[in-house]
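# sequence-free structure coming up:
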């Protein structure tokens with residue numbers, strides 16, 4: 001039961017700190033948008049969408065410090081902190097999945113209302 005409680009603690013902390021993670025991820029989000037624009041010439045829409053979401057997720061995927069504060073993985077790596085490879089991969093994949101779902105929802109709402 002203790003591990004489930006720890007999971008929920010990290011989930012709540014991550015949700016509450018999501019706006020900060022997005023602010024830290026702005027350079028990656030901009031890079032994803034630029035990539036999406038220029039990749040129209042040589043990539044299919046679905047492949048470009050998946051790659052763009054991956055680029056944005058690189059800047060948002062959280063890692064946690066000793067105070068359970070979520071910061072993007074790249075900030076830990078720039079500060080010479082160690083982050084486990086398995087944790088980085090899991091964090092990136094979960095973040096990528098959330099970004100894909102959110103972007104699809106936003107796109108659907110924009111096309112429906114616009």
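The structure has been received and is ready for your questions. Note that the coordinates shown come from a computational prediction; the quantities given were computed from them, not determined experimentally.
# give me the number of residues near residue 43?
Residues near residue 43, counting by other Cβ atoms under 10 Å, number 16. Glycine gets a C-beta too; all of them are placed from N, C-alpha and C.
# same question but for residue 48, I mixed them up
Counted with other Cβ under 10 Å, residue 48 comes out at 18.
# And for residue 87?
By other Cβ under 10 Å, 13 other residues sit near residue 87.
# My understanding was that it contacts residue 61; is that so?
No. Using Cβ atoms under 8 Å, residue 87 is not in contact with residue 61; the gap is 9.9 Å.
# Mind giving me the packing neighbours of the top helix by length along the chain?
If you go by DSSP state H, the chain has its longest helix at helix 85-113. Contact partners of helix 85-113 among helices and strands, from 3 or more Cβ pairs under 8 Å, 6 or more residues apart in numbering; DSSP states H and E: helix 45-60, strand 62-64, helix 73-78.
# tell me the mean pLDDT over it?
Helix 85-113 carries an average pLDDT of 91.
# Centre of the chain to it, how far?
7 Å (Cα atoms, centre = their mean, to the nearest Å).
# what do you get for stretch 33-44?
Centroid separation between stretch 33-44 and its chain, computed with Cα atoms, centre = their mean, is 19 Å.
# Then stretch 47-61?
7 Å.
# Name the residues that touch it?
With contact meaning Cβ atoms under 8 Å, 6 or more residues apart in numbering, stretch 47-61 is reached by 21-22, 24-29, 31-33, 35-36, 39-40, 43, 72-74, 88, 91-92, 94-96, 99-100, 103.
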